[in-house]
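Enquirer: sequence plus the predicted model coming up.
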Amino acid sequence: MKDIKKLVFYIFITIIIGSLPALFIKFSDTYNYLNKPPLAPSGIVFPIVWTILFILMGISIYRVSLKDDDVNLKIIYFSNLLINALWTPLFFGLNLYLFSFLWIIILLIVTFIMFYKFYIVDKISGYLLIPYIIWLLFAGYLNLFIYLLN
């Protein structure tokens, strides 16, 4: 029962931290009016994908915490979440498209470090982060071309 509570905690806190900026910024209005590159999805795709990714990330940190309770792993994880959460106000709130692209590069670097550290502790935890990495690469593509097109 304690493990289930820990799992729910990590999933819940990940969703809350990751989604909090979206509650204060009306990004759908901005996104709909931007010139977008090919492959840009409809705005409705983003909350669905992010919810799935946050659940996978929560499961990943949960699995890692069962095998290694090193505080440094949690610092990397929560730093990643914070960097991720700050992208939304940078891009949609302040319209800093180039800076947001550079921010995604920082986020990707931290995510690759997190992937590597988690993979060492628990391979499945690392694998659970692969969809997140792929999505960040795609988000980087979208961000860069939105900067270039707008």
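Expert: Arrived safely.
Enquirer: stretch 121-137: end-to-end distance?
Expert: This stretch, stretch 121-137, spans 24 Å end to end (C-alpha to C-alpha, to the nearest Å).
Enquirer: tell me the contacts of the residue lying closest to residue 92 once chain neighbours are set aside?
Expert: Closest residue to residue 92 apart from its sequence neighbours, by C-beta to C-beta, 6 or more residues apart in numbering: residue 27 at 3.9 Å. In short, each C-beta sits where N, CA and C put it, glycine included. By C-beta atoms under 8 Å, 6 or more residues apart in numbering, the contact list for residue 27 reads 43, 88, 91-92.
Enquirer: again, 10 Å this time
Expert: 21, 43, 46-47, 88-89, 91-93 (C-beta atoms under 10 Å, 6 or more residues apart in numbering).
Enquirer: same check on residue 81?
Expert: Applying C-beta under 10 Å, 6+ apart, the residues contacting residue 81 are 13-14, 16-18, 20, 54, 57-58, 61, 110, 114.
Enquirer: which ChimeraX command selects the buried ones in those residues?
Expert: In ChimeraX syntax, the buried subset of the contacts of residue 81 is picked out as below (16 or more other C-beta atoms under 10 Å):
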select :14,18,54,57,58,61,110,114
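Enquirer: just the contacts of residue 81 now: which is nearest residue 146?
Expert: Of all those, residue 146 sits closest to residue 18, with 20.5 Å by C-beta to C-beta.
Enquirer: wait, isn't the closest one in contact with residue 53?
Expert: Yes. With contact defined as C-beta atoms under 10 Å, residue 18 and residue 53 form a contacting pair (8.1 Å).
Enquirer: what do these two both touch?
Expert: residue 84.
Enquirer: where does this structure dip in pLDDT?
Expert: 1, 28 (pLDDT under 70).
Enquirer: thank you kindly, that will do.
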